[in-house]
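> Coordinates for the following, if possible.
(chains A and B)
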Amino acid sequence: MRNSLNDPVALTGMGIVSNQGVGCSASWRSITNAQEHLAPWQQPCEPKLAGINVAQTPPLPRPNDLPPALWNSLAGTQRLAAIAADEALRMASLPTRPKRRPVPIALFMATTVCGMDLTEQFYRQYRQQRQTADIALLKRVHPFEINVLLAHRHRLTGPRWLCMSTCVSSAMAIGAAVDSIRTGQANIALAGGAEALCEVVLSGFSALKLVAPAGCTPFAAGRRGITVGEGSAVLVLESLASAAARGVQPLAYIRGVGMTCDAYHITGPEPTGAQPMAAMHQALRQAAMCPDDIGYVNAHGTGTRDNDAMEARALSTVFGSRTQPFISSTKRLTGHTFAAAGAIETVITAMALQQDVLPANAGAPLADPALGVNVIAQPTARHVEHALTCNFAFGGNNTAIVISRGTGRTWETL
Amino acid sequence: MTEQTSDRAKSNSPGATTLGILSVGICAGPFAHINQFKQMLERTPRDSRADTAALEPQTADIFDRSDRPTIADVATEALKQVAPVATTVATASRTALLYSSVWGDIPATHEYLESMLADAGKYASPRAFTRSIYSTAAAMAAIALGIHGPCQTLSFDFAPVASLLGAAYTLLAADRADVVLLCWADQHSQMLQELQLLTANARLGHTAHRNIQQTLLHGAVAVAVTRCDYANLMATCTSTTHCPDEHQMATIKLPNDIQQGHSALRLIAGALLASNGQGISWLDGQDRSICRWVQVTRLAQ
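Got it, this is the predicted structure:
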């Protein structure tokens, strides 16, 4: 059934894995305590990468249905996505391993590094001795292997694609899920992203001089760059009718999603923030809200000079200085998880709305006065009805998502 | 279908998504422009064995420059051919771009891995790193064409044409754009050839094997699509759980290279050749019980 293009979409399940913990409960406890779990990257090939702090997940529990040999052969992104998807499906009261599903479920996932951890292993062998390199390592290097694993494991037979538009990818996946539900192409969709640490990413951003070795300090005067992280988040989104028919109360609602493109530069943002602002306005328009309705913004806040300056300008313009909502970036806590960032930050924002606690702008309690934004210095108890998450990416892609409080059901009451 | 779809209402039957095709473009093999591709189609007898060299990778010859063209170059070139029609229908902020590549810029990824591992990463190349990112080609095309709508780089484990058309349909139905530019691009490289050889010998029974071995585009194909109300040329995607008879439509025969090549080639060939009585229909991909079909037809004038 086609819904209105402004209808709220129910968030009925969510799963998260990051350096903050495995699962919503562990992650939320750590985030509200503003606990940083950064540590140096352990196995650098490049000596200059030794000592750079990264946000690495704790050891992951192997799902019972995945035999050890298969589990160990998976790419890091697949393992992370498998854990997050399990939690999301369980929370949404959907069976994780059904023989058949009464309605097809769509799948929109995101990654950028794909199986680069396996590619690196293969290539190290290949450049030493081509004929003896373990070709089996290439079995799961391709990005869509995440979808293959999830679709086959959970019998997801609806429309599916995987987005690789770097740091906005999983926000775009959420947008696709919302659009598919609103246009009647799906009743239920899984959307999210996964990104595993690998040397190529750390080395690449280091080569671009965009990494802060000690950890990022979003919006701070002396910000030096990003913290590279890994993680995954998966959301179960469905139409209100579907959630009601299944008797599942929404944890939150996705009210609007904006997507625009700068068409300006391959790696840098367009400094005026015109298109990010357009994305925010699009999301607000879909939600039938005005900027004053937003009580909290989970900012992209990577800690790079150019992103934070552009984002602060865009937020100041959209919200004005007097009515500015509470703003924080959670990138110092989770690291920048690139394609997974949009989904991870949407889950964190949904948890913040549920729990009436807004996460801190960890790493930088005071913003650079030149930016004209105020950030949340420490976790703050506050009741907020509506929030906005923003993500921006290489290539000038911009997304904004409006999220509203749910019915009062929390993951902890399950 | 035994009869051609005769009106738009029929083409929007439940379970099918239909888009209007505005324009098609190509930069692949010896074809620098869609007109050259069209001439080849007109020259080649439909039922003959085609010239198998027609789509060998010769893209380097198209660009008058010393360095090799990148995947971004060929994608942008193909998209430039379809963009002018798009601008007559939509503004920059109402134009979206969907880009898909099986392997991305393999030479750039290879170059970056080599620069990272050689000399302990002393000369790790930021340029190669940036180019190795899958979405860089889409970003460069968006910059070249000034697109401000959603710009997405997507990957599919099967049915590359039906899936990208499906994603475009969603953007149009959700009113995010009035025109969506689609591009499929991949790049011939020595590294990929070696991997194909190694995996063929290893006989990997897995998706990756299938995809390393699958027919690559070696260039770029672009298509501009819009809502089906605004065009006479239609692409319809159907998802089924079995092979239905209705897809056995009156089909135009294509040269073997195109029939056996990447299905994006069938899409543009179908767009160029479809007449009121004949179109093209094919099974774009199958995953266990799901079959995704694409059909290209021209409506009666």
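> Helix, strand, or coil at residue B:282?
strand (DSSP: H, G, I helix; E, B strand; the rest coil).
> could you measure it against residue B:259, distance?
Remark: distance between residue B:282 and residue B:259 (Cβ to Cβ, to the nearest Å) = 9 Å. All C-beta spots, glycine's among them, are computed from the backbone N, C-alpha and C.
> between those two, what contacts are shared?
Overlap of the contact sets of residue B:282 and residue B:259 (by Cβ atoms under 8 Å, 6 or more residues apart in numbering or on different chains) consists of residue B:266.
> can you map out the helices along the chain?
Just so you know, I chose chain A. Using DSSP state H, the helices of chain A run over residues A:24-32, A:68-73, A:76-91, A:116-128, A:145-154, A:169-182, A:199-207, A:240-246, A:274-286, A:305-319, A:331-334, A:341-355.
> I was thinking of chain B, sorry if that wasn't clear
Remark: helices assigned in chain B by DSSP H are B:8-11, B:34-43, B:71-89, B:106-117, B:126-132, B:136-145, B:160-173, B:190-202, B:207-213, B:256-260, B:263-273.
> same for the longest one, what does it pack against?
Under the contact criterion of 3 or more Cβ pairs under 8 Å, 6 or more residues apart in numbering or on different chains; DSSP states H and E, the helices and strands touching helix B:71-89 comprise strand B:16-28, strand B:95-100, helix B:136-145, strand B:179-186, strand B:219-227.
> One more pass at 7 Å, please.
Helices and strands touching helix B:71-89, by 3 or more Cβ pairs under 7 Å, 6 or more residues apart in numbering or on different chains; DSSP states H and E, are strand B:16-28, helix B:136-145, strand B:179-186, strand B:219-227.
> Residue B:44: which of these is closest?
strand B:16-28 (15.2 Å; Cβ to Cβ).
> residues in contact with the residue nearest to residue B:93 when sequence neighbours are not counted?
Of all residues not flanking residue B:93 in the chain, residue B:148 sits nearest, at 4.3 Å (Cβ to Cβ, 6 or more residues apart in numbering or on different chains). Applying Cβ atoms under 7 Å, 6 or more residues apart in numbering or on different chains to residue B:148 gives the contacts A:260, A:261, A:263, A:275, B:92, B:93.
> rerun that using 6 Å as the cut-off
Taking Cβ atoms under 6 Å, 6 or more residues apart in numbering or on different chains, we find residue B:148 in contact with A:260, A:261, A:263, B:92, B:93.
> if I read this right, the second one contacts residue B:141, doesn't it?
No: counting by Cβ atoms under 6 Å, residue A:261 sits too far from residue B:141 to count as a contact (10.5 Å).
> got a list of contacts for stretch B:270-289?
By Cβ under 6 Å, 6+ apart, the residues outside stretch B:270-289 that reach it are B:21, B:24, B:38, B:158-159, B:161-162, B:233, B:241, B:247, B:249-252, B:263, B:266, B:291-298, B:300.
> which residues touch the residue nearest to residue A:280 when sequence neighbours are not counted?
Excluding the flanking residues, the one nearest residue A:280 by Cβ to Cβ, 6+ apart is residue A:400, at 4.4 Å. Counting by Cβ under 6 Å, 6+ apart, residue A:400 makes contact with A:258, A:279, A:280, A:283, A:388, A:390.
> So the first one versus chain B, what's the distance?
It refers to residue A:258. 9 Å (Cβ to the nearest Cβ, to the nearest Å).
> in the sheet, who's paired with that residue?
Judged by DSSP bridges, the bridge partners of residue A:258 are residue A:400.
> what does the stretch 301-414 of chain A put close to chain B?
Applying Cβ under 6 Å from any Cβ of the partner chain, one finds that the stretch 301-414 of chain A approaches chain B through A:395, A:397.
> pLDDT wise, what is residue B:274 at?
The per-residue pLDDT reported for residue B:274 equals 91.
> Burial check on the closest residue to it other than its chain neighbours, number of neighbours?
Leaving aside its sequence neighbours, residue B:274 sits nearest to residue B:298 (Cβ to Cβ, 6+ apart; 4.3 Å). Neighbouring residues of residue B:298 were enumerated by other Cβ atoms under 10 Å in any protein chain shown; the total is 21.
> what sits against residue B:298?
B:233, B:274, B:275, B:276.
> before we move on, back to that, put together TSV for the helices of chain A, with mean neighbour count on each row.
Shown next, in TSV, are the helices of chain A (neighbours: other Cβ atoms under 10 Å in any protein chain shown):
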stretch	mean neighbour count
helix A:24-32	20
helix A:68-73	11
helix A:76-91	26
helix A:116-128	19
helix A:145-154	23
helix A:169-182	30
helix A:199-207	23
helix A:240-246	16
helix A:274-286	23
helix A:305-319	22
helix A:331-334	30
helix A:341-355	28
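> For those helices, could you give me CSV that also reports mean pLDDT?
Formatted as CSV, the helices of chain A follow (pLDDT from 0 to 100):
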stretch, mean pLDDT
helix A:24-32, 96
helix A:68-73, 95
helix A:76-91, 98
helix A:116-128, 93
helix A:145-154, 95
helix A:169-182, 98
helix A:199-207, 94
helix A:240-246, 97
helix A:274-286, 98
helix A:305-319, 97
helix A:331-334, 98
helix A:341-355, 97
